[in-house]
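>>> sequence below, structure please.
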Amino acid sequence: MAARRDSLDRLQAALRAFARRRDWEQFHTPKNLAMALAVEAAELLEHFQWLTPEQSAALPAKRKKAVADEIADVLIYITRLADALGIDPVAAAQRKLVINARKYPVTLARGNAVKYSRRARRRDHL
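Alright, predicted model coming up:
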């Protein structure tokens, strides 16, 4: 895990330097970064629109490369946004995993995709 943390730290530093050299930090506000992230996520979704589950899991090489580029864009913007807000994305994800484990205990969530809030309501109506 330490190697991944180092990789993320290096990526964050490289992105910070990239923006600084271009005097883009003035544009990299949390609002602008969040908006750019949403745009890039939508561009990622476009590659899967109207595909069957089977097609989405077996992308042709050219499309897979395009998807990798969009994933990179999403990672870049989420990393910049976390940096701009002083959030450690790895620590945030680890905290969220603990929260999700409480919301979705294996005994209730295994094998189904019911959202925890709907699961509670469904039990109340039984």
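
>>> list the buried residues in stretch 89-107.
89, 104 (16 or more other Cβ atoms under 10 Å). The way it works is simple: take the backbone N, C-alpha and C, and place the C-beta from them, glycine included.

>>> and the longest helix anywhere in the chain, how far from the chain's centre?
Secondary structure of the chain per DSSP state H: the longest helix is helix 61-85. What separates the centre of helix 61-85 from the centre of its chain is 9 Å, taken as Cα atoms, centre = their mean, to the nearest Å.

>>> could you report the neighbour count for L37?
19 (other Cβ atoms under 10 Å).

>>> what of the one 4 residues further on?
A41 sits with 15 neighbouring residues when counted by other Cβ under 10 Å.

>>> for it, give me its contacts.
Taking Cβ atoms under 8 Å, 6 or more residues apart in numbering as the contact definition, A41 lies against V74.

>>> for P60, see how far away Y77 is.
26 Å (Cβ to Cβ, to the nearest Å).

>>> of those two, who's got more company?
Y77 (22 against 9).

>>> do I have it right that the more buried one meets A42?
No - the pair Y77 and A42 does not pass the contact test of Cβ atoms under 8 Å, sitting 12.0 Å apart.
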